[in-house]
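**Student:** The sequence isn't on hand, but the structure is:
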């Protein structure tokens, strides 16, 4: 309900909200009926469980020139739509817009921000920046021109984690605007790290980098793989997969042999081994 209210209270009033219900067992449908809000359209899709397919169902019903996405229980600042629409209208060459934001568990208590910069904006080709980790590729912060879909296509339904892949496709084909102001609030909970999906995300994440290898400067590709394996090694430690963590720290070192970071993280992993954690 908080998510719906964060959209209903937008300062930009010319919106429609398409809710695709992925087989929820709560009373979402009843709540929406009680709101008596003509701008809200409810689609009961049954249990799908594939994020890309759920978003594509919404895209099929979308009527607007601009489309934004909000997953599950994340929140928007009341000015998000207004500021993104204005940015896209002022920059006709931009195909999409991303905003700043932060992660939280309790409302009003930020854990970490998408960007260090909190003010200003940037209009640029951001394709390479995505692989330099200088773009927060969260679909909740995204607004696109619907016309972009004629070139990029929709979300890939065969992938479990298609959001980043979709944003990479946008960045490859269109310039972007980044509004650094925090306008999206991404709720963290245990479901963000479900153990059944973290290894699958590894394979799909690595595939995105390799699929774009020939489009990236060599150093950017190496840096991206270095960060990827370093970060995934940390994820392996979280799940107590120590050998897999060591393997990824070694892979990271191969892409940047002069860095001591993989050695430090490998040493920490070995200490876990010795302590029997």
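**Tutor:** Cool, the structure landed. Only a predicted model underlies this, so the values are computations on that prediction, with no experimental measurement involved.
**Student:** nearest residue to residue 244 other than its sequence neighbours?
**Tutor:** residue 236 (4.4 Å; Cβ to Cβ, 6 or more residues apart in numbering). The way it works is simple: take the backbone N, C-alpha and C, and place the C-beta from them, glycine included.
**Student:** now swap in residue 3 and tell me
**Tutor:** Counting by Cβ to Cβ, 6+ apart, residue 3 lies nearest to residue 73, which is 5.3 Å off, once chain neighbours are set aside.
**Student:** Hmm, that neighbour is touching residue 186, no?
**Tutor:** No - the pair residue 73 / residue 186 is not scored as a contact, 9.6 Å apart, by Cβ atoms under 8 Å.
**Student:** neighbour-wise, which of these two wins?
**Tutor:** For residue 73 versus residue 186, the count of surrounding residues by other Cβ atoms under 10 Å is larger for residue 186: 21 against 14.
**Student:** Could you identify the helix or strand that succeeds the helix or strand harbouring that one?
**Tutor:** Assessed by DSSP states H and E, residue 186 sits inside strand 175-187. Following strand 175-187 in sequence order, the next helix or strand is helix 198-211 (DSSP H and E).
**Student:** hang on, residue 246 in a helix?
**Tutor:** Yes - remark: residue 246 belongs to a helix, assigned using DSSP: H, G, I helix; E, B strand; the rest coil.
**Student:** where does the stretch 1-150 of the chain have low pLDDT?
**Tutor:** 23-25, 46-49 (pLDDT under 70).
**Student:** Okay, strands next: where are they in it?
**Tutor:** Remark: strands assigned in the stretch 1-150 of the chain by DSSP state E, counting those that start in this stretch are 17-21, 40-44, 66-68, 75-76, 94-106, 109-113, 121-124, 142-145.
**Student:** partners of the second one in the sheet?
**Tutor:** Under the criterion DSSP bridges, strand 40-44 sits next to strand 17-21 (parallel) in its sheet.
**Student:** circling back to that earlier point, the strand holding residue 186 relative to strand 109-113, how many degrees between them?
**Tutor:** Strand 175-187 runs at 140 degrees relative to strand 109-113, counting by axes from the mean of the first three to the mean of the last three Cα atoms, to 10 degrees.
**Student:** who does strand 175-187 touch, helix- and strand-wise?
**Tutor:** Packing partners of strand 175-187 (3 or more Cβ pairs under 8 Å, 6 or more residues apart in numbering; DSSP states H and E): strand 75-76, helix 80-90, strand 94-106, strand 121-124.
**Student:** Spell out which residues sit in contact with the residue nearest to residue 3, please.
**Tutor:** Contacts for residue 73 (Cβ atoms under 8 Å, 6 or more residues apart in numbering) come out as 2, 3, 187.
**Student:** Residue 270: which of those is nearest?
**Tutor:** residue 187 (35.3 Å; Cβ to Cβ).
**Student:** For residue 21, give the beta-bridge partners.
**Tutor:** Taking DSSP bridges as the rule, residue 21 bridges to residue 44.
**Student:** Tell me, how many residues neighbour it?
**Tutor:** Counted with other Cβ under 10 Å, residue 21 comes out at 17.
**Student:** same question, the one 10 residues further on
**Tutor:** The number of residues packed around residue 31, counting by other Cβ under 10 Å, is 12.
**Student:** so what's it up against?
**Tutor:** Shown in contact with residue 31 (Cβ under 8 Å, 6+ apart): 1, 4.
**Student:** Pop the domain breakdown of the protein in here.
**Tutor:** The record's domain parsing of the chain by automatic domain parsing lists 2-191, 217-275.
**Student:** so which of these gets nearest residue 199?
**Tutor:** domain 217-275 (8.6 Å).
**Student:** Could you give me the buried positions within the strand or helix carrying residue 168?
**Tutor:** Applying DSSP H and E as the criterion places residue 168 in helix 163-173. For helix 163-173, the neighbour count (16 or more other Cβ atoms under 10 Å) marks 163, 164, 165, 166, 167, 168, 169, 170, 171 as buried.
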